[in-house]
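*Asks:* A structural model of the following input is requested.
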Amino acid sequence: MNVEVIGTWAGQVWNALNESGKLTVKGLKKATKLKEKEIYAALGWLAREGKVSICEVEADVEVVLI
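*Replies:* Numbers count the residues shown, from 1 in each chain. Down below sits the predicted model:
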């Protein structure tokens, strides 16, 4: 795994969120077909860029574009 791959995953996650507005990690897995660890790497990338808000909701994590 390298920076370019994580950037690609971040693009996939951003596109899924852009279409839906907000999704849980489970929803992102379904929308992007990425593995959970790949989603969390992508979310770290997007959070570092200030593009997402992440919060815990019951037994899952909800992500919203900023």
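*Asks:* Torsion angles phi and psi at the residue lying farthest from the centre of the chain?
*Replies:* Taking C-alpha atoms, centre = their mean, the residue of the chain most remote from its mean C-alpha position is Glu58, at 17.7 Å. The phi/psi pair for Glu58 (degrees, to the nearest 10) reads phi 50, psi -120.
*Asks:* Next, find the distance separating it from Ile66.
*Replies:* 22 Å (C-beta to C-beta, to the nearest Å). Just so you know, the C-beta spots here come from the backbone N, C-alpha and C atoms, and that holds for glycine as well.
*Asks:* Repeat that for Gly44.
*Replies:* Here the criterion is C-beta to C-beta. By it, Gly44 lies 15 Å from Ile66.
*Asks:* The two: which is more packed in?
*Replies:* Gly44 (14 against 9; other C-beta atoms under 10 Å).
*Asks:* And the pLDDT at the more buried one?
*Replies:* pLDDT, Gly44: 96.
*Asks:* who touches it in this structure?
*Replies:* Gly44 sits next to no residue when contact means C-beta atoms under 8 Å, 6 or more residues apart in numbering.
*Asks:* if you set the cut-off to 10 Å instead, what comes out?
*Replies:* With contact set as C-beta atoms under 10 Å, 6 or more residues apart in numbering, Gly44 has these partners: 6, 10, 52, 54.
*Asks:* any idea which helix is longest in the chain?
*Replies:* Secondary structure of the chain per DSSP state H: the longest helix is helix 3-20.
*Asks:* Within the sheet, what are the partner strands of the helix or strand that that helix is followed by, with directions?
*Replies:* On the C-terminal side of helix 3-20, the closest following helix or strand by DSSP states H and E is strand 22-24. Paired neighbours of strand 22-24 in the sheet (DSSP bridges): strand 60-65 (antiparallel).
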